[in-house]
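Colleague: sequence isn't available, so here's the structure alone:
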């Protein structure tokens, strides 16, 4: 699913993930052997450039994208990017059965009761999930609404960087796209994706391969580093390093582990509450596994703590699992170490304008 923009044309796209801590890009090509990695890069943002998915310092964000384009010698200029945060509303709703064309004509009226913003202030998109097989005359629809001012901020910053935004997606749908390309699921296998970003953790639940529930938790990797920095009196940079299990002179790893376990436990509680809330309204549905992604998913003990707190198996997403990566072009050890950062960008790079 994507939010339609008025200037679309079919072409290969750069996947551009604009996060609150860093900007990631991926370029892929698709041939007879499957997806192949062409280019990728990451540029880091200063604190407060982006807060809760809202761009605060557009000049710095645009400059960071420009530098990535220059450093990596990117020739394509058409971009698929994604939105995240509390400005996005995603709801599975039940509506009277109608055709896609009929729903497109009536979507604004149908959506009013589900969107807590004025309809004139949002861009809407939808996907028909299926028709009630029991003859109730209803169908399930995934409804997506994003505030226009947020979309415009992202579009403008991408254009300011000299690129052309042609697909504006939602990060949870990009991750759905990535899973579909890299993993094989049984027809009745349902999974949750937990994307632990710098300031926001996104939870999405896929039933039958389709996203049917999302939630944004205001907690991410920055909080882990901030707590470590405060409790053992080290710099934020060193706190980031020890959070990921790296050695820092003068820091005993045993003092860091309890902090990470405590915060991971809090995050696990929020994840379990969200999953339980979803399951409470979805009779007969169950979750088989949690997939973990995002840069903060590399934090020591996070995966095992979430697994323990939710009693569900947890697997860190491997974005390059089924992707052809030329070892003469790319450092495979670097790709393995940094792969959680690139999950959303990879899913975006697989987008084509014709996708719906």
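Modeller: Looks like it came in fine. It should be emphasised that the depicted structure is a prediction, and the values quoted were computed from it without experimental measurement.
Colleague: from here on, just use CA atoms for contacts and neighbour counts.
Modeller: OK.
Colleague: now stretch 186-195: how far from the chain's centre is it?
Modeller: Distance of stretch 186-195 from its chain centroid, counting by C-alpha atoms, centre = their mean, to the nearest Å, is 15 Å.
Colleague: err, stretch 332-350, not the other one
Modeller: Using C-alpha atoms, centre = their mean, the offset of stretch 332-350 from its chain centre is 12 Å.
Colleague: could you list the buried residues of the biggest helix by length in the chain?
Modeller: For the chain, the longest helix by residue count, based on DSSP state H, is helix 253-280. If you call a residue buried by 16 or more other C-alpha atoms under 10 Å, then helix 253-280 has these buried ones: 256-257, 259-261, 263-268, 270-272, 274-275, 278.
Colleague: what are the ranges of the strands in the stretch 201-350 of the chain?
Modeller: Ranges of strands in the stretch 201-350 of the chain, per DSSP state E, counting those that start in this stretch, are 201-207, 210-217, 289-293, 314-316.
Colleague: tell me which strands and helices the longest helix of the chain is in contact with?
Modeller: If contacts are counted by 3 or more C-alpha pairs under 8 Å, 6 or more residues apart in numbering; DSSP states H and E, helix 253-280 sits against strand 210-217, helix 221-232, helix 236-243, helix 302-310.
Colleague: how far does it sit from the chain's center?
Modeller: Distance of helix 253-280 from the chain centroid (C-alpha atoms, centre = their mean) equals 19 Å.
Colleague: that helix vs helix 221-232, what angle?
Modeller: If you take axes from the mean of the first three to the mean of the last three C-alpha atoms, to 10 degrees, helix 253-280 sits at 140 degrees to helix 221-232.
Colleague: what sits against the spatially most central residue of the chain?
Modeller: Centroid-nearest residue in the chain, with C-alpha atoms, centre = their mean: residue 171, separated by 3.2 Å. Shown in contact with residue 171 (C-alpha atoms under 8 Å, 6 or more residues apart in numbering): 82, 83, 84, 344.
Colleague: how much space between it and residue 201?
Modeller: 11 Å (C-alpha to C-alpha, to the nearest Å).
Colleague: also residue 226?
Modeller: 16 Å.
Colleague: the two - which one has more neighbours?
Modeller: Comparing residue 226 with residue 201 by other C-alpha atoms under 10 Å, the one with more neighbours is residue 201, at 24 against 16.
Colleague: can you give me the distance of that one to residue 67?
Modeller: 27 Å.
Colleague: how about residue 58?
Modeller: 14 Å.
Colleague: and the two? Which one has more around it.
Modeller: Ranked by neighbour count (other C-alpha under 10 Å), residue 58 and residue 67 place residue 58 first, with 18 against 13.
Colleague: can I assume that one is in contact with residue 49?
Modeller: Yes - between residue 58 and residue 49 there is a contact under C-alpha atoms under 8 Å: 7.4 Å.
Colleague: for the strands of the stretch 201-350 of the chain, which one sits closest to residue 41?
Modeller: strand 289-293 (17.3 Å; C-alpha to C-alpha).
Colleague: circling back to that earlier point, the longest helix of the chain vs strand 201-207, what angle?
Modeller: Interaxial angle of helix 253-280 relative to strand 201-207 (the same axes, to 10 degrees): 40 degrees.
Colleague: would CSV of the helices and strands packed on helix 253-280 with distance to residue 350 be doable?
Modeller: Shown next, in CSV, are the helices and strands packed on helix 253-280 (distance: least, C-alpha to C-alpha, whole Å):
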stretch, distance to residue 350
strand 210-217, 17
helix 221-232, 26
helix 236-243, 30
helix 302-310, 27
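Colleague: please, which helix or strand holds the residue nearest to residue 100 when sequence neighbours are not counted?
Modeller: Using C-alpha to C-alpha, 6 or more residues apart in numbering and skipping the chain neighbours, the partner closest in space to residue 100 is residue 128 (7.5 Å). Using DSSP states H and E, residue 128 sits in strand 122-131.
Colleague: and the following helix or strand past that strand, which strands flank it?
Modeller: Next along the chain after strand 122-131, taking DSSP H and E as the criterion, comes strand 138-147. Taking DSSP bridges as the criterion, strand 138-147 forms sheet pairs with strand 88-96 (antiparallel), strand 122-131 (antiparallel).
Colleague: in a markdown table: the ones you listed, plus mean neighbour count.
Modeller: Conversion of the strands paired with strand 138-147 to a markdown table gives the following (neighbours: other C-alpha atoms under 10 Å):
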| stretch | mean neighbour count |
| --- | --- |
| strand 88-96 | 18 |
| strand 122-131 | 19 |
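Colleague: format the ones you listed as JSON lines; extra columns: distance to residue 178.
Modeller: Shown next, in JSON lines, are the strands paired with strand 138-147 (distance: least, C-alpha to C-alpha, whole Å):
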{"stretch": "strand 88-96", "distance to residue 178": "19"}
{"stretch": "strand 122-131", "distance to residue 178": "18"}
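Colleague: now those as CSV including mean pLDDT and distance to residue 140?
Modeller: CSV is the format used below for the strands paired with strand 138-147 (pLDDT from 0 to 100; distance: least, C-alpha to C-alpha, whole Å):
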stretch, mean pLDDT, distance to residue 140
strand 88-96, 85, 5
strand 122-131, 84, 5
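Colleague: which of those sits closest to residue 250?
Modeller: strand 88-96 (42.9 Å).
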